[in-house]
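*Asks:* below is the sequence, then the predicted model.
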Amino acid sequence: MFPLGSVLLPGEILPLHVFEPRYRQMVIDLLADDVDEPEFGVALIQRGHEVGGGDERSDLATVARIINIEAFDEHRYGVVALGTRRIRVLAWLPDDPYPLADTEDDVDPPPDDVGRFHVHLAATESRVRQVHSMAVELGDLPAGLELEISDDPVLATYQLISFVPFGPADRYRLLAASDPWNRLEVFDAALDDLEATLKFRSA
């Protein structure tokens, strides 16, 4: 497991600069497994710090699949990973030599009434594009990002979330939503608050 001060969502790219000895060892162990797609879990640090341990970690996490790795030298790795699916932490184990946990997949159920869901999803996408443009104008997001929406309704909800500048607490609440319909409801409410903040700042 790799605890971070940010939330990784399924479908998101995660670049990591790995330099702490325990995580260097984790990378070495992952590569030693000789599997085609090495994976690790990314959990939110709810209290504490990324470096040194002694943190409080979330019970929901995301599996990150390594898609590229580069050794800068014997002490540092550059890792690029892709968030793939949500998992639930059943128990945190001793950090020996790096964070470990017993986990199980925590899969979103597909939405009922897929046609109606896609109508709602399209309306939310329109709002997301507007909020994204405001955030770019204010310098909260870089220009030139492209929003790609999957045909998979569950993955599409995560992709929409990743296109707006939510903080870790909001992103975690959205990751933890019980199903895609609930996620859209929470998302719409969070968009209301974010949009109001951006409009206030741009006034």
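*Replies:* Structure's in. What do you need? Nothing here was measured: the structure is a model prediction, and the numbers come from that model.

*Asks:* so G41 is in contact with F2, correct?
*Replies:* Yes. Using C-beta atoms under 8 Å, G41 and F2 qualify as a contacting pair, with a distance of 6.9 Å. Just so you know, the C-beta spots here come from the backbone N, C-alpha and C atoms, and that holds for glycine as well.

*Asks:* neighbour count for these two, which is higher?
*Replies:* F2 (22 against 18; other C-beta atoms under 10 Å).

*Asks:* ramachandran coordinates for the more buried one?
*Replies:* Main-chain dihedrals, F2, degrees, to the nearest 10: phi -130, psi 90.

*Asks:* what's opposite it in the beta bridge?
*Replies:* Beta bridges link F2 to V42 when assigned by DSSP bridges.

*Asks:* ok, it - contacts?
*Replies:* Listed by C-beta atoms under 8 Å, 6 or more residues apart in numbering, the contact partners of F2 are 16, 23, 26, 40-43, 64, 99.

*Asks:* turn the residues you listed into CSV, columns for pLDDT.
*Replies:* Formatted as CSV, the contacts of F2 follow (pLDDT from 0 to 100):
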residue, pLDDT
L16, 94
Y23, 91
M26, 93
F40, 96
G41, 97
V42, 96
A43, 96
A64, 97
P99, 93
